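Asker: predicted model, plus sequence, below.
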Amino acid sequence: MSVTVQNYMKSRQNLSKIVVDYIKESILAGFYKEGDHILETEVANTLGISRAPVREAIKELEKEGIVQTLPRRGTFVTKFSLDDIKEVFEIRMLLENNIFKILIYENKLSEEDFSKLEGLVLDMERIAGSSADDMEKSIKLNLKDMEFHRYLWNKSGSKRRVQILEQIFFQLRMAMLYDTNETGDLSRTATDHYEIIDALKDKDIFKCKEALQKHITTYKDAFVQD
């Protein structure tokens, strides 16, 4: 393969990644909602690129379960059933509890890490108490929530677990953002994270599991009726 062709392929891959990130951020920002039609031409024009990397990005998003392409109809943001959401919660609990064990048993967290985590919770509290509308607060808090948990995931050094969690966690956030009025008390969602931090400081696996279960239930009860 010549250098010119290699550069061309690399350029297309970079553009495809930009499109993937753009569509994901558009979903998190509420621009695209559950069941919305994503038009290749519209995305290409917005980003000032050809449709080829957009098509490649859509294929990648399909693999992640974020969009669905229907024959002769086009590409749509995925709709999640209650069974889908239950499964995502269950997988997340298993993997994240395992990550807590790694963080504790291998002493992965320092005082600097705990300060960083506490700062993220303070950011969440400020967002929950702000004068912004509920949609804006929910979106911003969800993004900070993701940042908090991603920080812990990455500190574990478990690349495969992180890869799986990144995929399902984005799907989970998509589900929660479809109805911000049903996501529970935003202030409680923020302060729940202090219990996770305290459990990690105490190196108490049981308390970590309990705190994560409580945190997830803040959202889960709004969607899953047993």
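Answerer: Sure, I can see it.
Asker: which intervals of the protein have sub-threshold pLDDT?
Answerer: Within the chain, the segments meeting pLDDT under 70 span 1-13, 175-184, 217-226.
Asker: let me see the domain layout of this structure.
Answerer: With automatic domain parsing as the criterion, the domains of the chain are listed as 3-77, 82-223.
Asker: take the ones you listed and lay them out in JSON lines including mean neighbour count.
Answerer: (Glycine included, C-beta is placed from N, CA and C.) Shown next, in JSON lines, are the domains of the chain (neighbours: other CB atoms under 10 Å):
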{"stretch": "domain 3-77", "mean neighbour count": "15"}
{"stretch": "domain 82-223", "mean neighbour count": "17"}
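Asker: tell me the centre residue of this structure?
Answerer: Note on the chain: the residue nearest the mean C-alpha position is F170, at 3.1 Å, using CA atoms, centre = their mean.
Asker: remind me which helix or strand that one belongs to.
Answerer: Using DSSP states H and E, F170 sits in helix 159-177.
Asker: so what touches that helix?
Answerer: 24, 27-28, 30, 34, 64-66, 77-78, 80, 84-85, 88-89, 91-92, 95-96, 98-99, 138-139, 142, 146, 149-150, 153-154, 156, 183, 219, 223 (CB atoms under 8 Å, 6 or more residues apart in numbering).
Asker: tell me the first helix or strand C-terminal of that helix.
Answerer: For helix 159-177, the following helix or strand on the C-terminal side (DSSP H and E) is helix 186-201.
Asker: list the helices and strands that following helix packs on?
Answerer: For helix 186-201, the packing partners by 3 or more CB pairs under 8 Å, 6 or more residues apart in numbering; DSSP states H and E come out as helix 82-105, helix 111-128, helix 134-156, helix 205-223.
Asker: send the alpha carbons of it over as CSV?
Answerer: In CSV, the C-alpha atoms belonging to helix 186-201 read as follows (Å, rounded to 0.1, in the frame of the first residue of the first chain):
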residue,chain,number,x,y,z
LEU,A,186,-31.0,15.2,40.5
SER,A,187,-29.6,16.3,43.8
ARG,A,188,-29.8,12.8,45.2
THR,A,189,-28.2,11.5,42.0
ALA,A,190,-25.3,13.8,42.7
THR,A,191,-24.9,13.1,46.4
ASP,A,192,-25.1,9.3,45.9
HIS,A,193,-21.6,9.5,44.7
TYR,A,194,-20.2,10.5,48.1
GLU,A,195,-21.3,7.1,49.4
ILE,A,196,-19.3,5.4,46.6
ILE,A,197,-16.2,7.5,47.5
ASP,A,198,-16.5,6.8,51.2
ALA,A,199,-16.8,3.0,50.6
LEU,A,200,-13.7,3.1,48.4
LYS,A,201,-11.8,5.1,51.0
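Asker: next, the angle from that helix to helix 82-105.
Answerer: Orientation check (axes from the mean of the first three to the mean of the last three CA atoms, to 10 degrees): helix 186-201 against helix 82-105 gives 40 degrees.
Asker: when you give positions from now on, start the count at 5
Answerer: Sure, I'll start numbering at 5, so the last one becomes helix 190-205.
Asker: just the angle between helix 190-205 and helix 138-160, please?
Answerer: On the basis of the same axes, to 10 degrees, helix 190-205 is oriented at 10 degrees to helix 138-160.
Asker: any chance you could list what contacts helix 190-205?
Answerer: Applying CB under 8 Å, 6+ apart, the contact partners of helix 190-205 are 104, 107-108, 113, 118, 121-122, 124-125, 128-129, 131-133, 141-142, 145, 149, 152, 187, 211-212, 214-216, 218-219, 222-223.
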